[in-house]
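> Below are the sequence and a predicted model; questions follow.
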Amino acid sequence: MIFIYFVLILISLSGCFSHWQGDLAKIVISFDGAERIFAYNPTDKDTHQKLKHNIVLTSAEEKLEDSFTGNTTYEAYVTPGDWNVKIDSWLDNEIYATGSKDVVLKLGLNNKTIPMYEAFFVTFKSNNGSAIPQQIVPKNGYAIEPSPSPTRTYYNFDGWYKNSGLTTPFNFKTDIITQKITTIYAKWKQDGTPNITNTPLSLNAYGVKTFYGNSKGNINLNSSDYGYEIWTGENDNKLTWYGPNQGGGAAFKAEWTNSGYYIGRVGYYWDTGGPYTQYKNMYADFNYTRSGTAGSYSMIGVYGWARNPTASNPNERLIAYHIVEDKFSGSMGGGDIVGSYILDGATYNVTKQDKTDDSIDDYTTFTLLISTRQIPRQTGTISITEHFKKWDGMGIKLGNMYETKFFVQVGGGTGWLDLTYLRLSQEDKPR
């Protein structure tokens, strides 16, 4: 710890200050005394004169506060007894040093020192959890683990991490603070709400139906708010919907055999909908298992199309967007990384490229937008609307919504993906 020594001189009533009252003592705090050590500050006098000092003196019955700038002396009359002296020194509106000490002030002469340390800042990024206050700690000191931990609806707190990718845990007992500003990140895991289950689903339940081959567009599902779509070149590839009354109402099993390509998806379908801002907060709660192979590429997550007829770039008037949570092997697309962000407890990298291929508007050129989670998962919640907001912040405007569905896409192979729970929702308030 680095110390700044401030001289406190207490002179009793019986001394040379004959005008003092008998039950008061004079405290003098000197910021220009010989014992002062600005070991970490610039040594020039001009800088010291710019320091603004805030002083708080607190006893059981009294509290005195004052502030001033420069190398000067602070004086106050106080009642002898137990006091806490708290000093913060500021430079250019940023706290530069801080310190406090409990002292006993008696009648008569008292020489005291106040230990101070250079202010280093620790910021806690709660990643959509409750806010945690910033801490001021000594250089080469230790942060204090926040208690209580942050909270977040539908999630359990899963520790503090050094990096935004949430791969390196932060140890409050051994990790010293060496940077002027240090950020520590919260990690979360789904707590099971709203009743995400991994219970096998029945093929004999009401509404269960298996679909084969290419659906040639969206098909609405009976007694449901959802639709499904299969896009494949093989007629024996299939999708089984588990019906409206089990597994969250959207759960399905996708199966492919020696497929050149296959996309199976279930979710919301609007065709000529409005901007995403016209809809409530969208979420996808999911749990699945998977097996097999998927050819040269695969993606699992949320998928959809949107049209933006007013986009200045013609290729951005039709957008195929993806929120990728997991994959079998390989990757889809490519393109340049245009940004990244933290959401749902992990970092997502965003790529964007022009692509000419089959689409909802026949064979044409469109924008392929892929946001890929850097920590894959097979259960949890996707905050769909929050992803749209992040893209907005990057200047990527979706326009009018065609669909938002949970999907699996493969480039070949033989395998299956079985969702034991899938529920897409639109909710009044953000979780």
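That came in fine, so what should we check first?

> Number of residues surrounding residue 151?
12 (other C-beta atoms under 10 Å). C-betas here are computed from N, CA, C, even on glycine.

> what about the stretch 251-400 of the chain, any weak spots by pLDDT?
259, 331-334 (pLDDT under 70).

> Please repeat the previous calculation with a cut-off of 80.
Across the stretch 251-400 of the chain, the ranges flagged by pLDDT under 80 are 258-260, 330-335.

> Now do the strands in it.
Here the stretch 251-400 of the chain has its strands, by DSSP state E, counting those that start in this stretch, at 252-256, 262-269, 281-292, 298-307, 318-326, 336-343, 346-359, 362-373, 379-383, 400-401.

> which other helices and strands contact the longest one?
Under the contact criterion of 3 or more C-beta pairs under 8 Å, 6 or more residues apart in numbering; DSSP states H and E, strand 346-359 touches strand 318-326, strand 336-343, strand 362-373, helix 384-393.

> For residue 419, see how far away the most centrally placed residue in the chain is.
In the chain, the residue lying closest to the centroid (C-alpha atoms, centre = their mean) is residue 127, at 2.2 Å. For residue 127, the distance to residue 419 (C-beta to C-beta, to the nearest Å) stands at 26 Å.

> And residue 151, by the same measure?
Distance from residue 151 to residue 419, by C-beta to C-beta: 28 Å.

> swap in residue 250?
Distance from residue 250 to residue 419, by C-beta to C-beta: 8 Å.

> Now residue 128: closest residue in space that isn't a chain neighbour?
Nearest non-adjacent residue to residue 128, counting by C-beta to C-beta, 6 or more residues apart in numbering: residue 152, 5.9 Å away.

> what do you get for residue 340?
Here the residue nearest residue 340, using C-beta to C-beta, 6+ apart, is residue 349, at 4.8 Å.

> what do you get for residue 143?
Distances taken as C-beta to C-beta, 6+ apart place residue 122 nearest to residue 143, at 4.4 Å, with adjacent residues excluded.

> ok, which stretches of the stretch 1-150 of the chain are strands?
Under DSSP E, counting those that start in this stretch, the stretch 1-150 of the chain gives strands at 7-11, 25-30, 52-58, 63-69, 73-78, 81-91, 94-105, 110-112, 117-125, 135-138.

> Turn those strands into TSV, columns for distance to residue 369.
What follows is the strands of the stretch 1-150 of the chain, written out as TSV (distance: least, C-beta to C-beta, whole Å):
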stretch	distance to residue 369
strand 7-11	63
strand 25-30	61
strand 52-58	49
strand 63-69	52
strand 73-78	60
strand 81-91	45
strand 94-105	40
strand 110-112	64
strand 117-125	25
strand 135-138	38
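
> so which of those gets nearest residue 276?
With C-beta to C-beta, the closest approach to residue 276 among the strands of the stretch 1-150 of the chain belongs to strand 117-125: 25.4 Å.

> quick one: contacts for residue 399?
275, 306, 307, 308, 309, 310, 311, 317, 319 (C-beta atoms under 8 Å, 6 or more residues apart in numbering).

> follow-up on the earlier one: just the helices and strands packed on strand 346-359: most buried one?
Greatest average neighbour count among the helices and strands packed on strand 346-359 goes to strand 318-326 (a mean of 23), per mean count of other C-beta atoms under 10 Å.

> Off-centre distance for that strand?
Chain-centre distance of strand 318-326: 20 Å, with C-alpha atoms, centre = their mean, to the nearest Å.

> what's in contact with it?
Residues outside strand 318-326 that contact it (C-beta under 8 Å, 6+ apart): 286, 290, 299-308, 332-333, 348, 355, 359-361, 364, 366-373, 376-378, 380, 382, 384, 387, 391, 396, 398-399.

> hey, C-alpha coordinates of it in PDB?
Taking Å, rounded to 0.1, in the frame of the first residue of the first chain, the C-alpha atoms of strand 318-326 are listed here in PDB:
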ATOM      1  CA  LEU A 318     -33.800  -8.800 -47.700                       C
ATOM      2  CA  ILE A 319     -32.000 -10.200 -44.600                       C
ATOM      3  CA  ALA A 320     -31.600 -13.800 -43.500                       C
ATOM      4  CA  TYR A 321     -30.700 -13.600 -39.800                       C
ATOM      5  CA  HIS A 322     -29.400 -16.300 -37.400                       C
ATOM      6  CA  ILE A 323     -28.700 -16.400 -33.700                       C
ATOM      7  CA  VAL A 324     -26.500 -19.500 -33.400                       C
ATOM      8  CA  GLU A 325     -26.400 -21.200 -30.000                       C
ATOM      9  CA  ASP A 326     -24.700 -24.500 -31.000                       C
END
